[in-house]
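Asks: Generate a structure from the sequence data that follows.
(one chain, ligands or ions: 2)
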Amino acid sequence: MAVAQTVAATMRRWFDTTTQVPGEREGRIDWLRASPFVAMHLACLWVFSVGVSATALWVAAIAYAVRMFALTAFYHRYFSHRTFRASRTVQFVFALIGAACVQRGPLWWAAHHRDHHRHTETARDPHSPRVHGFLWSHAGWFLTPAAFRTNLARVPDFAQYRELRWLDRFDTAVPVLFAIALYAAGALLERYAPGLHTNGPQLLVWGFFVSTVVLFHATVTINSLAHRFGRRRFDTRDDSRNNAWLALITFGEGWHNNHHFFPGTVRQGFRWWEIDLSYYVLRAMAAVGLVRDLKPVPAWVLARAKAP
Ligand SMILES: [Zn+2]
Ligand SMILES: [Zn+2]
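Replies: Ligands and ions are numbered 1, 2, ... in the order given. Have a look, this model is predicted:
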């Protein structure tokens, strides 16, 4: 009976992140709770049966780009670090797109990320390659009960918004609806635009499963690889690095040593040659009034840099 209750509660937690599961072990991976994460990876193998088309690849790339932007510009630079300002509507729209990344809700993401900066490379850092090992920092830590809860005390500034608390609780609904929408769009295209050579299953597999799994691994390279490989421009107490390759695939997040030295700016590429796509898009959004008060890099920060 106890087992049945635990299983039922774990499955309920897939959809309601506030569900308490009795008797769970805090620091161990909960494989039942993590099974959708594993299944998402296995679902990518469907590419061999659904085939591929230019349409499917475009949809996958656009789904990656839009969601990566929502993650780095909003989940990270806005909700975690408040490096610019946005209206309540804009904040919610990008929180919704961020939730479609299957990286949980904006409050959960920001609360854990603030812990990462506050306790970097100590036992209280949720994902330190130095303390917990490389694999754990990449894809282990968030599959444990200890990491399931959102510590609202860490994000009081955004927890005050009812709609964000709701989204944080039921974030799973967003990617589920997104996946259904992709399937429906593929089915419609098959019927009304057969020249595009796609269908429902193909757009679901490429636009959702493949795109989301690549998006996930690209994001968490910043927790793993960007604390191991690259240059250190600033003498921070952590192991953060600047890595141009990671900056390209994550739209600027790879300038991670810059970011750990001074997280209070909207920019992560501090020099003009440090490509930071999210920053350029935010500049464009500021120009048309969608966001405002982008915090610059102070001169004293650049003065502390080692060459180049
Ligand atoms: Zn870091
Ligand atoms: Zn950060």
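Asks: contacting residues around T172?
Replies: Contacts for T172 (CB atoms under 8 Å, 6 or more residues apart in numbering) come out as 14-15, 17. For every residue, glycine as well, the C-beta is placed using N, CA and C.
Asks: For PyMOL, what selects the buried ones among those?
Replies: Buried subset of those, written as a PyMOL selection, criterion 16 or more other CB atoms under 10 Å:
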select buried, resi 17
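Asks: The contacts of T172 in helices, which ones?
Replies: 14-15 (DSSP state H).
Asks: And the contacts of T172, which is closest to K306?
Replies: Among those, T17 lies closest to K306 (CB to CB), at 42.1 Å.
Asks: mind listing what that closest one touches?
Replies: Neighbours of T17 in contact, by CB under 8 Å, 6+ apart: 104-105, 108, 148-150, 168-172.
Asks: quick one: contacts for M68?
Replies: For M68, the contacting residues are 215, 218-219, 250-251, by CB under 8 Å, 6+ apart.
Asks: I meant to write F234 there.
Replies: Neighbouring residues of F234 by CB under 8 Å, 6+ apart: 257-258, 260-261, 304-306.
Asks: quick one: it is in a helix?
Replies: No. F234 is assigned coil when assessed by DSSP: H, G, I helix; E, B strand; the rest coil, not a helix.
Asks: Can you give me the pLDDT of it?
Replies: If you check F234, the pLDDT there is 95.
Asks: so how far is V266 from it?
Replies: Here F234 is placed at a distance of 18 Å from V266 (CB to CB, to the nearest Å).
Asks: again, but for L57
Replies: Counting by CB to CB - L57 and V266 are separated by 31 Å.
Asks: sorry, back to before: could you export the contacts of T172 as TSV, including distance to F94 and pLDDT?
Replies: Output for the contacts of T172, formatted as TSV (distance: CB to CB, whole Å; pLDDT from 0 to 100):
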residue	distance to F94	pLDDT
W14	24	85
F15	22	87
T17	19	87
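Asks: coming back round to it: looking at L57 and V266, which is more packed in?
Replies: Between L57 and V266, counting by other CB atoms under 10 Å, V266 is the more crowded of the two (24 against 15).
Asks: I'd assumed the more buried one was in a helix, is it?
Replies: No. Using three-state DSSP, the assignment for V266 is coil, not a helix.
Asks: Please tell me I have it right and it contacts R82.
Replies: No. With contacts counted by CB atoms under 8 Å, V266 stays clear of R82, the gap being 9.7 Å.
Asks: can you give me the helices in the stretch 1-150 of the chain?
Replies: 2-15, 31-43, 47-50, 54-69, 88-99, 106-118, 129-132, 134-139 (DSSP state H, counting those that start in this stretch).
Asks: likewise the stretch 201-308 of the chain?
Replies: With helices called from DSSP H, counting those that start in this stretch, the stretch 201-308 of the chain shows them at 211-220, 244-249, 256-261, 277-287, 299-303.
Asks: Which one, of these, ends up nearest to L96?
Replies: That would be helix 211-220 among these, by CB to CB, at 15.4 Å.
Asks: what inclination does that closest one have with respect to helix 31-43?
Replies: Helix 211-220 and helix 31-43 are oriented at 110 degrees to each other (axes from the mean of the first three to the mean of the last three CA atoms, to 10 degrees).
Asks: tell me what helix 211-220 is packed against?
Replies: The contact analysis (3 or more CB pairs under 8 Å, 6 or more residues apart in numbering; DSSP states H and E) places helix 211-220 against helix 31-43, helix 54-69, helix 134-139.
Asks: mind giving me TSV with the ones you listed and columns for distance to F178 and mean pLDDT?
Replies: As requested, the helices and strands packed on helix 211-220 are exported to TSV (distance: least, CB to CB, whole Å; pLDDT from 0 to 100):
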stretch	distance to F178	mean pLDDT
helix 31-43	13	94
helix 54-69	8	98
helix 134-139	22	91
